[in-house]
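1. Turn this into a structure:
(one chain, ligands or ions: 1)
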Amino acid sequence: MSKPSEPRDSRDVSRWDIETDVVVVGLGCAGAAATLEATGAGAEVVVLERASGGGGTSAMSGGVIYLGGGTPIQRACGFEDSPEEMFEYLMASLGPRPDEAKVRAYCEGSVAHFDWFVEHGVRFKAAFYPHYSGEPPTDDGLVYSGTENAYPYDEVARPAPRGHVPQIEGKAGALLMQTLLAAVERTAARVVTDGRCETLVVDPPGAVVGVVARLDGRERVVRARRGVVLAAGGFINNRAMVETYAPRLLRCKFRVGAEGDDGSGIRMGMGAGGAAINMDMGSVSLPLIPPKKLQKGILVNAHGQRFINEDAYYGRLGEYALLRHDGRAFLVLDNATFERPEVDREVAGVGETIEELERELGLPEGSLQATVALYNRHAERGEDPVFRKAREWVVPLIESPFGALDCTTENSLYAVFTLGGLRTTVDGEVLTPDGDVIPGLFAAGRTTAGLSAPGYSSGISIGDGTFFGRRAGRRAAGRRS
Ligand SMILES: Cc1cc2nc3c(=O)[nH]c(=O)nc-3n(C[C@H](O)[C@H](O)[C@H](O)COP(=O)(O)OP(=O)(O)OC[C@H]3O[C@@H](n4cnc5c(N)ncnc54)[C@H](O)[C@@H]3O)c2cc1C
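-> Below is the predicted model of the structure:
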């Protein structure tokens, strides 16, 4: 099902089964943040969660949170950062037209948002993990989680690691959600599990005044006096929606997200008149490393040509490989640079010469030979003038035998989830295609487009989900209908 969900007309509601100030739909990171702030602002809150417990995709995640501007962890690890540097990086990296107001608010509020996690019991170890970008296998609290320290963004803003990870070895997402859910339990919010929200209730001509939910096998109508916050995740597990809006993501075998990522929140919002934007966008991860040594290879497409600096963040590599090069990519290495990748990756071809390897990979005659010759010519001097890979990863590929690791979508791990969703204001109010606020309707997390756009960095999803989830919860709590 990919259609918007038709809302119920409030004139057809004969009585409300439950009445409250704010209804939060979904208890992942965005729903938890909205609940904590709405209750903190004095609102009565009912949370509807379709699973038998909260957590959602947030609990399955790596738990990396994109925070910066000079957090205590960044400072303790010896990194200088400022809201302005963070803003410059995000504005440059997040797609062709990032939402400037949201990026600005997010950067300026980032240190305070870090403090909010700590206040709610999340612990971060003041130690930097240097070996690769993304989720560390240790309990270290800080990593690079984007392309801050590689071309082109190292020239846009002073690089600083901004991936903050709750202190645990692995399963940081589960720990993060355990901690936030425990904080929700300490509030007066009423959490209803096994409670699937089916549609919104609307007062003509369009204000949202409640929801229809299925509880204990029965339909219940819940009145929300101040507002409804949709925080029901993305749509990677709704095949019809992915086919309609983001068909290229279907090329990837590893589509990641909890069962609830079926787009119901987005469809409810659209049914009430909300605009959905960036719906073709996804976070596409193509991890080449660890080990980091593999960055010394060159990534080529089906034309035997390079298309990116191989030291870029895995989300950028994946986006380029899938969205711009049709998911046809090979990592070419020589005997000196080859090492088994930690990610399970097949060898696509080997050859005593580059010419032989080119034939084995089925690349156009002369294409890979020309690419390697050009690369080696500059690599002799440790330079990569074409894609500007950092000097420490640039060595000529000259030692036989040569090989290529398979980075095609068919034979390789590309992990994807959706980034598109409802268009919202900085305070989580859902907007119509004309830019008007829908009274009483709020959204956060992957139900919205949030900050996400092409150029995603790890940690932005939990980061914007909680940051704008908090603002949505506060704004809903403060609304008078
Ligand atoms: C393996 C993996 C690793 C990741 N690592 C990171 C990372 O390190 N950092 C990062 O920022 N992002 C990461 N992500 C992405 C990130 O986890 C998600 O995008 C983010 O957690 C989404 O949060 P959310 O609150 O919007 O949705 P969710 O956490 O999915 O919560 C939505 C909740 O709504 C419920 N729900 C859905 N529909 C309904 C309904 N109709 N009625 C009632 N309840 C409903 C669901 O059951 C769910 O509990 C990762 C994702 C995966 C899969």
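2. which bits of the stretch 151-300 of the chain sit near the ligand?
-> Counting by CB under 6 Å from any ligand atom, the stretch 151-300 of the chain comes close to the ligand at 196-197, 231-233, 256-258, 260-261, 264-265. Every C-beta, even on glycine, is put in place using the N, C-alpha and C of the backbone.
3. and these, which of them are in strands?
-> Using DSSP state E to define strands, the subset of those located there is 196-197.
4. biggest separation within the residues of the stretch 151-300 of the chain next to the ligand, which pair?
-> Cys197 and Val256 (22.9 Å; CB to CB).
5. neighbour count winner among these two?
-> Neighbours of Cys197 and Val256, each counted by other CB atoms under 10 Å, are more numerous for Cys197; the result is 26 against 16.
6. Contacts only, for that one.
-> 23, 25-26, 48, 50, 211-213, 232, 264, 268 (CB atoms under 8 Å, 6 or more residues apart in numbering).
7. What strands flank the helix or strand of the chain with the lowest mean pLDDT, and is each parallel or antiparallel?
-> Here the helix or strand of the chain ranked lowest by mean pLDDT, DSSP states H and E is strand 254-255, holding a mean of 83. In the sheet containing strand 254-255, the strands it pairs with under DSSP bridges are strand 415-418 (parallel).
8. OK, contacts around the one residue in the stretch 51-200 of the chain that gets nearest to the ligand?
-> For the stretch 51-200 of the chain, the residue positioned closest to the ligand under CB to the nearest ligand atom is Gly56, at a distance of 2.6 Å. Counting by CB under 8 Å, 6+ apart, Gly56 makes contact with 26-29, 31, 177, 233, 258, 260-261.
9. Determine the set of other helices and strands touching whichever strand or helix holds Val208.
-> In this assignment (DSSP states H and E), Val208 forms part of strand 207-215. Judged by 3 or more CB pairs under 8 Å, 6 or more residues apart in numbering; DSSP states H and E, the packing partners of strand 207-215 are strand 18-25, strand 195-203, strand 218-230, strand 437-443.
10. Quick check: mean pLDDT of the first one?
-> The average pLDDT within strand 18-25 is 98.
11. So is it next to the ligand?
-> Yes: for strand 18-25, a contact with the ligand is found by CB under 6 Å from any ligand atom, at Val25.
12. Sort out which residues of that strand are buried, please.
-> Using 16 or more other CB atoms under 10 Å as the burial criterion, the residues of strand 18-25 that qualify are 18, 20-25.
13. Compute the distance between the residue in the stretch 251-400 of the chain positioned nearest to the ligand and Asn238, please.
-> Distance from the ligand to each residue of the stretch 251-400 of the chain (CB to the nearest ligand atom) is smallest for Gly260, at 2.7 Å. Noted for Gly260: a distance of 10 Å to Asn238, by CB to CB, to the nearest Å.
14. returning to what we had before: for the residue of the stretch 251-400 of the chain closest to the ligand, what are its contacts?
-> If a contact means CB under 8 Å, 6+ apart, then Gly260 has 26, 28, 50-51, 56-57, 232-233, 237 as its contacts.
15. which outside residues touch stretch 65-80?
-> The contact list for stretch 65-80, computed with CB under 8 Å, 6+ apart, reads 81-83, 85-86, 107-108, 110-111, 113-114, 117, 124, 126-128, 141-142, 145-146, 158, 160-165, 176, 457-460, 462-463, 466.
16. all helices for the stretch 101-250 of the chain, in order.
-> Taking DSSP state H, counting those that start in this stretch, the helices of the stretch 101-250 of the chain run over residues 110-119, 172-185, 239-245.
17. Determine which stretch of these is the most buried.
-> Using mean count of other CB atoms under 10 Å, the stretch among the helices of the stretch 101-250 of the chain with the largest mean neighbour count is helix 172-185, at a mean of 20.
18. so for it, what's the average pLDDT?
-> What helix 172-185 shows for mean pLDDT is 98.
19. just the CA coordinates of it, formatted as CSV?
-> As requested, C-alpha coordinates have been extracted for helix 172-185 and formatted as CSV (Å, rounded to 0.1, in the frame of the first residue of the first chain):
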residue,chain,number,x,y,z
ALA,A,172,24.9,1.2,21.4
GLY,A,173,21.5,1.7,19.8
ALA,A,174,19.9,-0.8,22.2
LEU,A,175,21.6,0.9,25.2
LEU,A,176,20.5,4.3,24.0
MET,A,177,16.9,3.3,23.7
GLN,A,178,16.9,1.4,27.0
THR,A,179,18.0,4.6,28.6
LEU,A,180,15.5,6.8,26.9
LEU,A,181,12.7,4.4,27.5
ALA,A,182,13.6,4.2,31.2
ALA,A,183,13.4,8.0,31.2
VAL,A,184,9.9,7.9,29.5
GLU,A,185,8.8,5.4,32.2
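20. Also compute the angle for it relative to strand 18-25, please.
-> Interaxial angle of helix 172-185 relative to strand 18-25 (axes from the mean of the first three to the mean of the last three CA atoms, to 10 degrees): 160 degrees.
21. low-confidence ranges in the stretch 301-450 of the chain?
-> Filtered on pLDDT under 70, the stretch 301-450 of the chain yields no residues whatsoever.
22. What residues does it have near the ligand?
-> 417, 445-446.
23. Whichever of these end up buried, select them in PyMOL.
-> Typed into PyMOL, the next command selects the buried ones out of these (criterion: 16+ other CB under 10 Å):
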select buried, resi 417+445+446
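24. mind giving me CSV with the residues of the stretch 301-450 of the chain next to the ligand and columns for distance to Val332?
-> Formatted as CSV, the entries for these read as follows, by distance: CB to CB, whole Å:
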residue, distance to Val332
Phe417, 29
Gly445, 39
Arg446, 35
